[in-house]
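Undergrad: The following comprises the amino acid sequence and a computationally predicted model.
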Amino acid sequence: MTTQHLLLRGRILTFTAEPSGPDDTHAYHYVEDGALLIADGIIIASGSYATVAPQATAPEIVDHRPNILMAGFIDTHIHFPQVQVIASWGAQLLDWLNSYTFPEETRFADPDHSAAMASRFYDQLIDHGTTTAVAYCSVHKTSAEAYFAEGQRRNMRMIGGKVMMDRNAPDGLRDTAQSSYDDTKALIDAWHGTGRAQYAITPRFAITSTPEQLEMAGALAAQHPDCYVQTHLSENRDEIAYTATLYPQARDYLDVYQSHGLLGPKMLLGHSIHLQPREIDALAQTGAHPVFCPTSNLFLGSGLFDDAGLRARGITNAIATDVGAGTSYSMLQTLNEGYKVLQLQNQPLHPLRAFHWITRGNAVALGLEDRIGTLDAGTEADIVVLNPRATDAMALRCDRATDLFQELFILMMMGDDRAIVQTYAAGTPSKRAGARGNLQTG
Ligand code: GUN
Ligand code: ZN
């Protein structure tokens, strides 16, 4: 049986390396009249329409010109049970967790609620052009089951895990060191490597884990070296001070995780804002990845992420929404706020590097750049179609744009889900009709 070929035509932008500056033309491929040929969820040819089209056998053709085809966006830190927490007023981290977040997460003990919210959560990701996310589920095993089941239904490459938390949380939201180990183990066995799913061992953060639980998390990481590990680090000054009282023997915040064997290249550390020199040394030496969460860091008043300082040490930073402290599912809006956070530190973020970051850059942080994050032949067909003229205001501004970089900058400063014309997950157009971006192009 031959499989139907899908041929997408449009302007193509994909990256081969992190652009070192505005003139680094070696770091990307841009094809004005480009095409992608897709079969069985894989990109089998990528390049100019003139060379790719003849390789297709009786293809279904979708002409997206003059919109831009790019790899689907990757969100490396997001909280699935916080879909109804986003935009909760007036608190910084610890009060925000206690007042809004923890009460909401208790609802995910109910499998029906978890399943209903998982469906809504994935709709949001797709609407905003995100094809891979690394998510925190709630403490309940059932929430992670709902999360992975929905990802499998949509054939998406999704990473996540149930949070491990055995103290400093309300009733109904605590596990134990042993039950968190058992539940995580069962979830890894059921889901890690099932379809496109991958597991992230997820001790929530130092404050909500006893040393015994972090010991168990370290044991899980040692037993499953191909799983990710994710947690939060040095987001807020009160959080850091409280952590120091809970772990008086630790050299610093990062040492809480490091001393339990959690640090390594598979580790994602959300926020990583207020770091000590020793912590930066340890990040550089172990290859762990700080995750920049700009909308969240501004929303909770947490602080300014020092991207250039960390990068100068050879550290590979990821970038993410952190919904629901983050205020938008859009990786475009994440770049918008990220740009401003970096401007405050005189670290201008060029649009080329920005779009590399939310595609191939995040894939590199995940060690997945041979599967996702580019439009290379042989990779998974997770693709976003972008319209730089999606709104009247954007179209007006685009009339004065003279090159691709200006269009990209307009997209990242002014774009959101309206700029997402279509999102392909493993070659399947997945954006709901009615949630489509504005198709106006000229
Ligand atoms: N630290 C521990 N849990 C959370 C969370 O849910 N959101 C944020 N922003 N920080 C955290
Ligand atoms: Zn978070």
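TA: Received it, and whenever you're ready, just let me know what you need. Ligands and ions are numbered 1, 2, ... in the order given.
Undergrad: Which of the helices or strands spans Leu352?
TA: According to DSSP states H and E, Leu352 maps onto helix 351-356.
Undergrad: Quick check: next helix or strand after that helix?
TA: Toward the C-terminus, helix 351-356 is succeeded by helix 362-365 as the next helix or strand (DSSP H and E).
Undergrad: what about that following helix, average pLDDT?
TA: Mean per-residue pLDDT for helix 362-365: 98.
Undergrad: Just the C-alphas of that helix, formatted as PDB.
TA: Below are the C-alpha coordinates for helix 362-365, written out as PDB (Å, rounded to 0.1, in the frame of the first residue of the first chain):
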ATOM      1  CA  ASN A 362      14.700  24.300  22.500                       C
ATOM      2  CA  ALA A 363      15.100  21.000  20.600                       C
ATOM      3  CA  VAL A 364      18.900  21.100  21.200                       C
ATOM      4  CA  ALA A 365      18.200  21.700  24.900                       C
END
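Undergrad: And that helix, what does it pack against?
TA: Helix 362-365 is packed against strand 73-79, strand 318-319, with contacts defined by 3 or more Cβ pairs under 8 Å, 6 or more residues apart in numbering; DSSP states H and E. Every residue, glycine included, has its C-beta placed from N, CA and C.
Undergrad: Using TSV, please lay out these together with mean neighbour count and distance to Thr142.
TA: Putting these into TSV (neighbours: other Cβ atoms under 10 Å; distance: least, Cβ to Cβ, whole Å) gives the following:
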stretch	mean neighbour count	distance to Thr142
strand 73-79	28	16
strand 318-319	27	28
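Undergrad: closest one to ligand 1 among those?
TA: Ligand 1 sits nearest to strand 73-79 of all those, at 5.0 Å, using Cβ to the nearest ligand atom.
Undergrad: Please see if the closest one touches ligand 2.
TA: No: under the criterion of Cβ under 5 Å from the ion, strand 73-79 makes no contact with ligand 2; the nearest approach is 5.5 Å.
Undergrad: and that strand, which strands flank it?
TA: The sheet places strand 73-79 alongside strand 130-136 (parallel), with pairing taken from DSSP bridges.
Undergrad: who does whichever helix or strand comes after the partner strand touch, helix- and strand-wise?
TA: Beyond strand 130-136 on the C-terminal side, the first helix or strand identified by DSSP H and E is helix 141-153. If contacts are counted by 3+ Cβ pairs under 8 Å, 6+ apart, helix 141-153 sits against helix 111-127, strand 159-161, helix 177-191.
Undergrad: give me that answer again for 6 Å
TA: Applying 3 or more Cβ pairs under 6 Å, 6 or more residues apart in numbering; DSSP states H and E, one finds that helix 141-153 contacts helix 111-127, helix 177-191.
Undergrad: Flag every buried residue along stretch 113-125.
TA: 113-115, 117-118, 121-125 (16 or more other Cβ atoms under 10 Å).
Undergrad: send the alpha carbons of it over as CSV?
TA: Listed next in CSV are the C-alpha coordinates belonging to stretch 113-125 (Å, rounded to 0.1, in the frame of the first residue of the first chain):
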residue,chain,number,x,y,z
HIS,A,113,-11.7,16.7,35.1
SER,A,114,-8.1,15.8,34.1
ALA,A,115,-9.3,14.4,30.8
ALA,A,116,-11.6,17.4,30.0
MET,A,117,-8.8,19.9,30.9
ALA,A,118,-6.2,17.9,28.9
SER,A,119,-8.3,18.3,25.7
ARG,A,120,-8.6,22.0,26.3
PHE,A,121,-4.9,22.3,27.1
TYR,A,122,-3.9,20.7,23.9
ASP,A,123,-6.3,22.9,21.9
GLN,A,124,-4.5,25.9,23.3
LEU,A,125,-1.1,24.6,22.4
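Undergrad: For it, the averaged confidence score.
TA: 98.
Undergrad: So what's the gap between that stretch and the chain middle?
TA: How far stretch 113-125 lies from its chain's middle: 16 Å, per Cα atoms, centre = their mean, to the nearest Å.
Undergrad: Which residues outside that stretch are in contact with it?
TA: Judged by Cβ atoms under 6 Å, 6 or more residues apart in numbering, the contacts made with stretch 113-125 from elsewhere in the structure are 80, 83, 107-108, 133, 142-143, 146-147, 150, 154, 329.
Undergrad: what does this structure have sitting close to ligand 1?
TA: Remark: the part of the chain in contact with ligand 1 comprises 79, 93, 97, 101, 204-205, 232, 235, 296, 322, 325, using Cβ under 6 Å from any ligand atom.
Undergrad: Contact partners for the residue most central in space within the chain?
TA: For the chain, the residue sitting closest to the mean C-alpha position, by Cα atoms, centre = their mean, is Asp75 at 1.2 Å. With Cβ under 6 Å, 6+ apart as the criterion, the residues that contact Asp75 are 130, 133, 320-321.
Undergrad: what's the burial count for the closest residue to Asn236 other than its chain neighbours?
TA: Using Cβ to Cβ, 6 or more residues apart in numbering and skipping the chain neighbours, the partner closest in space to Asn236 is Leu93 (4.0 Å). Residues contacting Leu93 under the criterion other Cβ atoms under 10 Å number 22.
Undergrad: In this structure Leu93 contacts Leu300, no?
TA: Yes: in terms of Cβ atoms under 6 Å, Leu93 counts as a neighbour of Leu300; the distance is 5.3 Å.
Undergrad: quick one: which of the residues of the chain next to ligand 1 is nearest ligand 2?
TA: The closest of the residues of the chain next to ligand 1 to ligand 2 turns out to be Asp322 (Cβ to the ion; 4.7 Å).
Undergrad: my guess is the closest one contacts Pro294, does it?
TA: No: between Asp322 and Pro294 there is no contact under Cβ under 6 Å: 8.7 Å.
Undergrad: So the two - more neighbours on which side?
TA: Using other Cβ under 10 Å, the more surrounded residue of Asp322 and Pro294 is Asp322, with 30 against 27.
Undergrad: Just give me the closest of the contacts of Asp75 to Ser179.
TA: Out of the contacts of Asp75, the one with the shortest distance to Ser179 is Ala133. That distance is 25.6 Å, counting by Cβ to Cβ.
Undergrad: give me every residue that touches the closest one.
TA: Ala133 makes contact with 75, 78, 125, according to Cβ under 6 Å, 6+ apart.
Undergrad: quick check, distance from stretch 302-310 to the centre of its chain.
TA: In terms of Cα atoms, centre = their mean, the gap separating the centre of stretch 302-310 from the centre of its chain is 18 Å.
Undergrad: so how far is Met216 from the nearest residue to Lys141 once chain neighbours are set aside?
TA: Spatially, and ignoring its direct neighbours in sequence, Lys141 is nearest to Asp183 (4.4 Å; Cβ to Cβ, 6+ apart). Using Cβ to Cβ, to the nearest Å, one gets 11 Å for the distance from Asp183 to Met216.
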